[in-house]
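S.K.: sequence and predicted structure are below.
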Amino acid sequence: MNRMLAKNGVLPALVFALVLWAVPAPLSASATKINVVTSTTDMAALTQEVGGDRVTVESIAKGYQDPHFVEAKPSFLLKLRHADLLVVVGLQLEIGWLPPLITQSGNAKIQVGANGYLDASQFAEILEKPTGEVTRAMGDVHPLGNPHYWLDPDNGRRIARGISQKLAELDPGDSAYFQQQFQDFDKRLSAAEQKWDAEMKPYRGRKVVTYHNSLPNFAKHFGLNVIGYVEPRPGIPPTPSHTIELIGLMKRENCKIILVEPYFDLKTPNSIAAQTGGKVVVYLPSVGGVNEVTNYFQLFDYDIALITKAFQETQ
Ligand SMILES: [Zn+2]
């Protein structure tokens, strides 16, 4: 059969067609994609929403890592060297690891202040902005306000709009596309928000404790009351005296939920739960915290399912 086809010239033609089909797209087409690198997965997810097929996006930090403390690897330099745009969370979230990588990348486009450097915090509502003198003497890793601002869908919308405008600025020929992508995201987000708001509504005003101060924007949006933290101050590990105070506070306030980011040791949270009759809930602050959470919508779906279940179980 094959021989016959070959004799008739069908097989060689087919092979030729397959070879053509397997050849990568011409360089000019792939070169029009904007190469975006983000510091965190959440910024990557939002960039992907508005960038669609006109961008390639890669995050430096993984979703299960503490974004304050990421181990700098040489492979990050390679990513940054070829980036057209770098999107960062800002507010000094990445101060411990990103600035030397940016400098060493040797990429003029993404240096701080350059056109390809985008600090997403400028678009978002920032909570806990300091009013007095800023000092890191106490070990505070949130000196310019709380940098975990992406966990409010309204901020997600603001960040996505800001990123879409930056993409349009870098690639004016595709500006209508990026605007359309944002409008589509906005529509889907508004629908999801209605669902999330309805799911969280029965628990408005409920008290929780979090390990790190990662949830003020989430708590504000969904009406939760964060009464304390396992860390005595952001970035400072638990101390026995603070833990005793926190246990007392939770008992007085009848607070039963301890929300913990996936990168913290559960020893102290478990001991607090044991002494308060409370429940430890490991929630995700970022996309990619577990494999199945691959986009911004799934992040809220996942966390809201966990948190509402925990509230039901501790009525
Ligand atoms: Zn933090």
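M.R.: On my side now, so go ahead. Numbering: from 1, shown residues only.
S.K.: show me what the lengthiest helix in the chain is packed against.
M.R.: If you go by DSSP state H, the chain has its longest helix at helix 175-200. Helix 175-200 sits against helix 41-51, helix 153-170, helix 216-222, helix 296-313, with contacts defined as 3 or more C-beta pairs under 8 Å, 6 or more residues apart in numbering; DSSP states H and E. (Glycine included, C-beta is placed from N, CA and C.)
S.K.: let's see it at 7 Å
M.R.: Contacts defined by 3 or more C-beta pairs under 7 Å, 6 or more residues apart in numbering; DSSP states H and E place helix 175-200 against helix 41-51, helix 153-170, helix 296-313.
S.K.: convert whichever helix or strand comes after that helix to PDB, retaining C-alpha atoms only.
M.R.: Beyond helix 175-200 on the C-terminal side, the first helix or strand identified by DSSP states H and E is strand 207-210. The C-alpha trace of strand 207-210 is given here as PDB (Å, rounded to 0.1, in the frame of the first residue of the first chain):
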ATOM      1  CA  LYS A 207     -13.200  36.700  62.800                       C
ATOM      2  CA  VAL A 208     -10.100  35.000  61.500                       C
ATOM      3  CA  VAL A 209      -6.400  35.000  62.400                       C
ATOM      4  CA  THR A 210      -3.800  34.800  59.600                       C
END
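S.K.: tell me where the model's unsure across this structure.
M.R.: For the chain, residues meeting the criterion pLDDT under 70 lie at 1-31, 134-139.
S.K.: and Pro234, that one's in a helix?
M.R.: No. With DSSP: H, G, I helix; E, B strand; the rest coil as the criterion, Pro234 is assigned coil and is not in a helix.
S.K.: contacts only, for it.
M.R.: 140-142, 212-213 (C-beta atoms under 7 Å, 6 or more residues apart in numbering).
S.K.: most tightly packed of the helices and strands packed on helix 175-200?
M.R.: helix 41-51 (a mean of 27; mean count of other C-beta atoms under 10 Å).
S.K.: what's the angle from that helix to helix 153-170?
M.R.: 60 degrees (axes from the mean of the first three to the mean of the last three C-alpha atoms, to 10 degrees).
S.K.: nearest spatial neighbour of Asp154, chain-adjacent residues omitted?
M.R.: In this structure, Asp154 finds its nearest non-sequential neighbour in His221, 6.5 Å apart by C-beta to C-beta, 6 or more residues apart in numbering.
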